[in-house]
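Asker: Let me see the structure of the following:
(one chain, ligands or ions: 1)
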Amino acid sequence: MTSDQHPQSDPLAEAQERYLREREKRMRDDGLAQYKEFTGEYEDFDRDPWVEPGFTREPVEEDRLAVIVGGGFGGMLTSVELARLGIRDFRIIEKAGDFGGTWYWNRYPGCMCDVESYTYMPLLEETGYMPTEKYASATEIFEHCQRIGNHFDLYPHALFQTEMDTAEWDEAENRWVITTSRGDRIRAKFLITAGGILHKAKLPGIEGIETFEGKSFHTARWDYDYTGGSATTPMDKLADKRVGIIGTGATAVQVVPQLARTAKEVYVFQRTPSAVGVRDNGPTDEEWFASLEPGWQEERMRNFTAAVTGEKPERDLVGDGWTKILWENTNIQAESPEQRRELDEADFAVMAELRQRVEDTVEDPDTAEKLKPWYGKHCKRVCFHDDYLPAFNEPNVHLVDTDGRGVREIGPKGPIVDGVEYDLDLLIFASGFEVTTGLVRRLGFDPVGRNGTALSERWSDGAHTLHGVLTAEFPNLLVISTVQAGFGTNFVHFLSESARHVAWLVATAEAEGIVSIEATPEAEDEWLMVLYGVAMGLAEYSATCTPGYYNSEGSRTTEGARNLVYPGSLMHYAGYLQRWREAGDMAGTTVVRS
Ligand code: NDP
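Answerer: Coordinates of the predicted model:
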C-alpha cells in the first residue's frame with residue numbers, strides 16, 4: 001500500500017493502537033493468580049532431578065557470623081566479597097545439590113546465557129577463565145559456578161540439599177536461630193537471603209492440567225531419561241514423539257530449535273510472541289581476550305549496563321543486539337509531547353525491524369504474521385536467537401497461536417485450543433518463574449523478627465525496606481532480591497553490587513562493634529517514595545504493555561505496588577548504595593553497639 005492511497009497513514013499511531021488492542025486481549029482479572037500452587041500429580045513437579053534420592057547427613061549444630069541462604073551467583077558473590085574482607089565464618093544453605101542457582105536447575109537443551117559471557121560470567125579475572133564463546137552455554141556457566149566454588153574454597157561452607165525451615169531472631173542473644181530440613185540448628189549474627197529470582201518455577205493453572213495422560217515437565221526440571229540426549233547432544237528418544245510446548249518466552253526460544261531437530265512433531269502453543277533479535281554467537285577471539293588489561297571485567301560490566309539503560313557511554317564495548325536495541329531508553333518520562341513522539345518513534349523503529357525479521361525469515365505468511373511482537377521494546381525481555389524463527393519453516397514444527405488468550409484447557413490427550421485437542425506424548429511447560437510474587441513465598445521460609453513478628457505479617461501489604469536490603473524489626477536480616485532493589489539486563493551486575501553492599505555491612509558492623517542494625521520505618525517510607533517517584537515517570541509506558549512478569553501480569557494491587565523493583569537504571573540504584581556506604585553514618589537505620 002502506498003502513502004498516496006492512505007495520505008493520513010501514520011505507522012506509529014497504527015502500531016500504538018495495535019499495542020493497546022493486544023494488551024486488552026491479554027488483560028485478565030486473575031493477574032498473578034493465574035499461576036497456581038499444585039497438588040496431586042503436579043505437586044512434585046519441582047523435585048530436583050539432578051540428585052540421587054536418599055541423601056542423608058548428620059545435622060549440624062553451630063554458631064556462625066553469617067548464614068547465607070542460596071548458593072547461586074548472589075550467595076556465591078556475597079561469600080567471595082566476605083572472604084575478600086577477611087571474613088570466612090559463614091555458612092551457605094542451598095536447596096540444590098551444588099552451587100549454580102538458576103544454572104543448576106536449568107539444563108534444558110539449547111540453554112545459554114543471553115548476555116555476553118565476558119560481562120555475565122563473574123570473576124573471570126580472578127579465576128583466570130576465558131569463556132569459549134561470546135554467549136556461553138548453560139553447561140559452561142554451571143561449570144564456572146563450580147570453578148568459583150573451588151577457587152574461593154566455598155564448598156566446605158555449603159550445606160547442599162538443605163532447605164530453610166525456620167529463622168527466628170533471639171532478642172536476648174542478638175542471634176538468628178535457624179533450623180533446616182536436615183535437622184540443623186545454626187545460630188548466626190547475620191542472616192543473608194540470596195534466594196534468586198528464577199528459582200521458583202511456575203505452572204499455569206490451566207483447567208484440566210491434571211487430567212493430561214502423557215508425560216510433562218517444566219523446562220527447569222528437564223527429564224533427559226524421557227527425551228534422551230543431554231544438554232549438548234541430540235534428544236534421540238523423541239524421534240517418534242509428538243511434543244507440545246506451552247510458552248514462547250526466552251526459554252522456549254532456546255528450546256524449540258532443539259525440539260525441531262529431533263522430535264517427530266512439535267506444537268508451540270503461543271499466547272504472546274517474543275521479539276527475537278540477531279544473536280551472532282561465535283568463539284572467543286583468544287588474542288583479544290589475552291590483550292585485556294587488569295580491571296577490564298568490571299569496566300565492561302558497567303559499560304554494558306550503561307549502554308542498555310540509555311546512558312550512552314562514550315564507547316559501546318559489547319556492541320551486540322542488547323546494546324543496539326536498548327541504546328535509546330524510550331521508557332522515560334518525556335519532558336514535552338515532541339520528545340514523547342521522538343522516543344515513541346525510536347521505539348517503533350526497533351520493534352518494526354524485529355517484526356520485519358520475522359517476515360524475512362518465516363516462509364508461511366500466516367505463521368509469520370502470528371509471530372510478530374506487537375508491544376514496545378521495554379515491555380518484555382527481548383530474546384536473541386538465530387534458529388528460533390527458522391524452526392517454523394520445518395515441516396514438523398507447528399505454531400498454535402491462541403490470539404492472546406493462552407491455553408485455557410487441557411484434556412487427557414493434550415491442550416485444547418479452538419475446539420481442537422492436540423494429541424501429545426510430551427507436554428513441556430516453558431511457563432517461567434515467579435519473579436514478582438511476595439518475597440516470603442519465593443524464599444520458602446518466613447523469618448520471625450523482633451517480638452515474634454513474621455516477615456509475612458510485617459509485609460502483609462507488601463515490602464518495607466531501606467534499599468531493598470534492611471528492614472525494621474528484623475535486625476541483621478540482609479536481603480538480596482529485586483524487591484525494592486535493582487534489576488538489570490545483566491542480572492549478575494546487580495548481584496555484584498548487592499553482594500558488595502551486604503558484605504560491607506557485615507564487615508563494618510564487625511569493625512565498629514555493631515551488635516544489630518535494622519532500617520527505621522521512616523527510612524523505609526522515604527525509600528518507597530524514591531521508588532514511586534521514579535516509577536511514576538515510567539507508569540505511562542508500562543500501561544501500554546502486554547502483561548508479563550515485567551509488570552506483574554498487569555496486576556495493580558497494593559502488595560504488587562510496594563513490591564516493585566527500583567524502576568530506574570541499575571547504575572542509579574548502585575549509586576544510592578555507594579553514596580550511603582561512603583557517608584558511613586548508617587543513615588536511616590537503628591544501630592545497637594556493644
Ligand atoms: P517467561 O515468563 O518469560 O515466559 C513464560 C511464557 O509462558 C510466556 O511466553 C507466557 O506468555 C507463556 N504462558 C504462560 N501461561 C500460558 C498459557 N496459559 N498459555 C500459553 N502460554 C502461556 O519465562 P521464561 O522461562 O521463558 O524466561 C524467564 C526469564 O528467564 C527470562 O526473561 C530471562 O530473564 C531468563 N532467561 C534467561 C535466559 C538467558 O539466556 N540468560 C534464557 C531463558 C530465560 P505471555 O508472554 O503471554 O505471558
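Asker: alpha carbons only for contacts and neighbour counts from here, please
Answerer: Noted.
Asker: Nearest residue to Glu298 in space, please, no chain neighbours.
Answerer: Thr119 (7.9 Å; CA to CA, 6 or more residues apart in numbering).
Asker: again, but for Glu473
Answerer: Arg450 (5.2 Å).
Asker: Next, the contact list for Val308, please.
Answerer: 322-323, 325-329, 489 (CA atoms under 8 Å, 6 or more residues apart in numbering).
Asker: returning to what we had before: helix or strand: which one has the residue nearest to Glu298?
Answerer: Taking DSSP states H and E as the definition, Thr119 sits inside helix 117-120.
Asker: Which elements pack onto that helix?
Answerer: helix 296-308, helix 491-511 (3 or more CA pairs under 8 Å, 6 or more residues apart in numbering; DSSP states H and E).
Asker: follow-up on the earlier one: and the residue nearest to Glu473, what does it touch?
Answerer: Per CA under 8 Å, 6+ apart, neighbours of Arg450: 169-171, 473-475.
Asker: could you redo the last one with a cut-off of 7 Å?
Answerer: 169, 171, 473-474 (CA atoms under 7 Å, 6 or more residues apart in numbering).
Asker: Of these, which count as buried by neighbour count?
Answerer: 169, 473-474 (16 or more other CA atoms under 10 Å).
Asker: Take these and keep only those in strands.
Answerer: Trp169 (DSSP state E).
Asker: Just the closest of the buried ones among the contacts of Arg450 to the ligand, please.
Answerer: Phe474 (29.8 Å; CA to the nearest ligand atom).
Asker: So which bits of the longest helix seen in the chain are buried?
Answerer: Ranked by residue count, the top helix of the chain under DSSP state H comes out as helix 337-361. By neighbour count on 16+ other CA under 10 Å, the buried set for helix 337-361 is 340, 343-348, 350-352, 354-355, 357-359, 361.
Asker: For stretch 77-94, which residues meet the burial criterion?
Answerer: 77-83, 87-88, 90-94.
Asker: Farthest pair within the residues you listed?
Answerer: Ile87 and Glu94 (19.7 Å; CA to CA).
Asker: Could you tell me how far Ala252 is located from the ligand?
Answerer: 6 Å (CA to the nearest ligand atom, to the nearest Å).
Asker: Can you give the distance of stretch 133-153 from its chain's centre?
Answerer: 18 Å (CA atoms, centre = their mean, to the nearest Å).
Asker: Give me the residues contacting that stretch.
Answerer: 80, 99-100, 103-104, 107, 111-117, 127, 155, 281-284.
Asker: Which members of the residues you listed occur in helices, if any?
Answerer: 80, 103-104, 117, 127.
Asker: Now the element after the helix or strand of the chain with the lowest mean pLDDT, going C-ward?
Answerer: Using mean pLDDT, DSSP states H and E, the weakest-scoring helix or strand in the chain turns out to be helix 558-562, at a mean of 71. Toward the C-terminus, helix 558-562 is succeeded by helix 570-583 as the next helix or strand (DSSP H and E).
Asker: ok, the helix or strand following that following helix: who's next to it in the sheet?
Answerer: Remark: after helix 570-583, the chain's next helix or strand is strand 589-593, criterion DSSP H and E. Sheet partners assigned to strand 589-593 using DSSP bridges are listed as strand 514-519 (antiparallel).
Asker: after the strand it pairs with, next one along is what?
Answerer: Following strand 514-519 in sequence, per DSSP H and E, is helix 521-542.
Asker: That next one: which residues count as buried?
Answerer: 521, 523-524, 527-528, 531-532, 534-535, 537-539, 541-542.
Asker: next one: that helix to chain centre, how far?
Answerer: Counting by CA atoms, centre = their mean, helix 521-542 comes out at 21 Å from the chain centroid.
Asker: how many other residues sit next to Gly282?
Answerer: 11 (other CA atoms under 10 Å).
Asker: Tell me which residues touch it, please.
Answerer: Contacts of Gly282 by CA under 7 Å, 6+ apart are 133-134.
Asker: returning to what we had before: out of the contacts of Val308, which is nearest to the ligand?
Answerer: Using CA to the nearest ligand atom, the contacts of Val308 come closest to the ligand at Thr489, 7.9 Å.
Asker: does the closest one belong to a helix or a strand, and which?
Answerer: Here Thr489 is assigned to no helix or strand, by DSSP H and E.
Asker: Pull up the gap between the closest residue to Ala167 other than its chain neighbours and the ligand, please.
Answerer: Counting by CA to CA, 6+ apart, Ile178 is the residue found nearest to Ala167 once chain neighbours are left out, at 4.4 Å. Applying CA to the nearest ligand atom, the value for Ile178 to the ligand is 30 Å.
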